[in-house]
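Participant: Give me the fold of what follows.
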Amino acid sequence: MPKVLDVTVRRDVTFETNRDHWRNQLRILEAQRSSIAEGGGERAAERQRAKGKLLARERVSALIDEGTELLELGAFAAWEIYEEWGGAPAAGVVVGLGKVRGRECVVVANDATVKAGAWFPLTCKKILRAQDIAMENRLPVIYLVDSAGVFLPMQDEIFPDRDHFGRVFFNNARLSAQGIYQIAAILGSCVAGGAYLPIMSDEALIVEGTGTIFLAGSHLVQAAIGEQMDGQSLGGAEVQVDISGVVDDRFPDDQSAIEHIRARIGELSHPQLAPFDRIDSREPLADSEDLLGLLPVARSRPYDTYALLAVLLDGSEFSEYKANYGRTLICGTGRIDGWAVGIIANQRQVVHRKRGLKDTEREMQIGGVIYSDAADKGARFVELMNQKGIPMVFLQDVTGFMVGSKSEREGIIKDGAKLVNVVANSVVPKFTVFIGNSFGAGNYAMCGRAYDARFFFAWPSASIAVMGGQQASETLLAIQLKNRGEEVSDEEKAKLLGEIQARYEAAADPRYAAARLWLDEIIDPRRTREVLARSIAASAHQAEIPPFKTGVLQT
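Facilitator: Residues are numbered from 1 along each chain as shown. Have a look, this model is predicted:
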């Protein structure tokens, strides 16, 4: 039977300090998110409006159902990366999950206020991620196209490789072949290779007067063959709908084209959903506001993961698996918005490995570290969730696998490899939330970016790195000093250590990870249950779960 978790919260000075800190961090993130939403700035926005065009986020708002919200993904993409080119907020494209006529869809909208919607390397990566989400979850894709094409100064990082520009059209073809509907509206420029994206969609629309689509723009045509022609005469709505037949239909403005998309989505047949179990949802007994007070300011400080689960799970109920074994890893089942889920979470409290012994005889374990018994337990639990067809939620706050002679004799590499193997081969949907530390191979075992979770979210408290900042900084300092081969004063050592640690900590910031799309979004911890519920519902758009199997496991 499920156990009701303890929801008692000690609201002491530490709790209040934690809550004030994270509220402030969330205010900073929200201000940064608002700045990102401004795209290329007010002057660029006014140029769009002067042409009678809606802005990218206005188009998305008009597209999705009234009273619903876009679950934006990749808002921090390209954060502080392309500064030499003036920046590229959100990588110049808005991506997210949006409800259209009650149907969850993947939405991709170029932001023409950012370098005329040109594609930077991370623009390409972000759109490929959107297509992956659509393919994995069998969701319709809506492209709102307004782009000048490849950002030419960086063409060598966008054009030729496997996961560059051409992969978008490869995915277009595969999505269509798999019966996953795609519709595109050409609301502005659509040029060169980018012209294939809407035309390889199942349906394509264009707006009169502002929409254009051609393989080469008027300047290139003149340079190549000497022909002089303006954009509308070359590839405007009348040419590409009435004469060439390249585009299916034309509309007088953005709003009417978007309404047509909504109508088309409303006509789609309803998919057969996966057989994931769901019952009526119940609110947790614990208050989501408590998350901010429970989470320590310092990532090295312990906290009780069960208290976090009490805020996330329906009725604050949890059925734990092997509760007294491998206790630095919490495994068990519960429900989120009625959906049955398996939980795999790192326990940050210092726990006892052996029970029933005197305090002096107890063998202690360090919270947040995966020991052999925890890895063994986790591997068995992941296999069980696949056997039972239950989606899994990974809550990461892991400093890695335990090291040392004792762990090596216990077979930590073998047990760790077993856990990594079953996570890699899992067939039920996986969802990862980076809560705190995500270091080394612990990142892999707990379903990091390389392990194909359906969605990856992070709290502002997350830190993704190969090891902790202190250990990494001291290691790097030792290497530097050894290479210099000279005596260094204690003052200079301290200065060098501080500089290394500052650089390392900056790279471990969740915005650094989000900028490079190592995660899908940084979220407010208080919204975790809501975001996970929507993600799980999106993942259910598949008829069946493929069979689960692994390769050779060391036992």
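
Participant: For residue 555, give me its contacts.
Facilitator: residue 418 (Cβ atoms under 8 Å, 6 or more residues apart in numbering). All C-beta spots, glycine's among them, are computed from the backbone N, C-alpha and C.

Participant: make it 10 Å
Facilitator: 376, 379, 411, 414-415, 418 (Cβ atoms under 10 Å, 6 or more residues apart in numbering).

Participant: Output these in JSON lines, with distance to residue 251 appended to each entry.
Facilitator: Putting the contacts of residue 555 into JSON lines (distance: Cβ to Cβ, whole Å) gives the following:
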{"residue": "376", "distance to residue 251": "60"}
{"residue": "379", "distance to residue 251": "54"}
{"residue": "411", "distance to residue 251": "65"}
{"residue": "414", "distance to residue 251": "62"}
{"residue": "415", "distance to residue 251": "60"}
{"residue": "418", "distance to residue 251": "56"}
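
Participant: In helices only, show me the residues you listed.
Facilitator: When DSSP state H is applied, those are split such that 376, 379, 414-415, 418 fall in helices.

Participant: Flag whichever of these scores worst on pLDDT.
Facilitator: Note: of the ones in helices among the contacts of residue 555, the lowest pLDDT belongs to residue 415, at 86.

Participant: which residue sits closest to it, ignoring its sequence neighbours?
Facilitator: Using Cβ to Cβ, 6 or more residues apart in numbering and skipping the chain neighbours, the partner closest in space to residue 415 is residue 375 (3.8 Å).

Participant: hang on, that neighbour packs against residue 420?
Facilitator: Yes - proximity of residue 375 to residue 420 meets the contact threshold set by Cβ atoms under 10 Å, at 8.8 Å.

Participant: Mind listing the shared neighbours of the two?
Facilitator: Counting by Cβ under 10 Å, 6+ apart, the shared contacts of residue 375 and residue 420 are residue 445.

Participant: Which of the two has more residues huddled nearby?
Facilitator: With neighbours defined as other Cβ atoms under 10 Å, residue 375 and residue 420 compare such that residue 375 has more, 27 against 20.

Participant: State the distance from that one to residue 166.
Facilitator: 40 Å (Cβ to Cβ, to the nearest Å).

Participant: need the strands for the stretch 301-450 of the chain, in chain order.
Facilitator: Counting by DSSP state E, counting those that start in this stretch, the segments of the stretch 301-450 of the chain that form strands are 317-320, 329-336, 339-346, 351-352, 364-365, 369-370, 392-398, 400-401, 430-439.

Participant: burial measure for residue 322, as a count.
Facilitator: 18.

Participant: Distance check, it against residue 430.
Facilitator: With Cβ to Cβ as the criterion, residue 322 and residue 430 are 20 Å apart.

Participant: Where in the chain is the helix or strand with the lowest mean pLDDT?
Facilitator: helix 469-484 (a mean of 62; mean pLDDT, DSSP states H and E).

Participant: Give me the helices and strands touching the longest helix anywhere in the chain, please.
Facilitator: With secondary structure taken from DSSP H, the chain has its longest helix at helix 13-37. Here helix 13-37 is seen to pack against strand 71-73, helix 290-294, helix 510-515, strand 521-522 when contacts are counted using 3 or more Cβ pairs under 10 Å, 6 or more residues apart in numbering; DSSP states H and E.

Participant: pLDDT on whichever helix or strand comes after it, on average?
Facilitator: The element immediately downstream of helix 13-37 (helix or strand, assigned by DSSP states H and E) is helix 42-50. Here helix 42-50 scores 96 as its mean pLDDT.

Participant: So for helix 42-50, what gets flagged as buried?
Facilitator: Using 16 or more other Cβ atoms under 10 Å as the test for burial, helix 42-50 gives 44-45, 48.

Participant: hmm, who's touching that helix?
Facilitator: 38-40, 53-56, 58, 111-116, 146, 188, 210.

Participant: Give me the subset of those residues lying in strands.
Facilitator: 146, 188 (DSSP state E).

Participant: Among the contacts of helix 42-50, name the buried ones.
Facilitator: In the contacts of helix 42-50, the ones that pass as buried (16+ other Cβ under 10 Å) are 38-40, 53-56, 58, 111-116, 146, 188, 210.

Participant: Which of these fall within helices?
Facilitator: The helices, defined by DSSP H, take in 56, 58 from the buried ones among the contacts of helix 42-50.

Participant: who's in contact with stretch 160-174?
Facilitator: Applying Cβ under 10 Å, 6+ apart, the external contacts of stretch 160-174 come out as 108, 119, 121, 123-125, 127-128, 130-132, 134-135, 141, 143, 149-150, 155-159, 180, 182, 184, 192-202.

Participant: next one: stretch 536-544
Facilitator: In contact with stretch 536-544 (Cβ under 10 Å, 6+ apart) are residues 71, 97, 103-106, 133-134, 136-140, 180, 270-276, 278, 336-341, 389, 391, 393, 428-431, 453-455.

Participant: Would you map the strands across the stretch 51-200 of the chain?
Facilitator: Using DSSP E, counting those that start in this stretch, strands in the stretch 51-200 of the chain cover 71-73, 93-100, 103-110, 141-147, 182-191.

Participant: Repeat that for the stretch 451-555 of the chain.
Facilitator: Going by DSSP E, counting those that start in this stretch, the stretch 451-555 of the chain shows strands at 455-458, 463-465, 521-522.

Participant: can you redo those as CSV with distance to residue 67 and mean pLDDT?
Facilitator: Converted to CSV, the strands of the stretch 451-555 of the chain look like this (distance: least, Cβ to Cβ, whole Å; pLDDT from 0 to 100):
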stretch, distance to residue 67, mean pLDDT
strand 455-458, 23, 98
strand 463-465, 35, 88
strand 521-522, 21, 98
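
Participant: Of all those, which one is nearest residue 299?
Facilitator: strand 463-465 (5.8 Å; Cβ to Cβ).

Participant: Now do the closest one: everything it contacts.
Facilitator: Against strand 463-465 from outside (Cβ under 10 Å, 6+ apart): 299, 396-397, 434-440, 443, 448-449, 458, 469, 471-472, 504-505, 507-510, 512-514, 516, 518-519.
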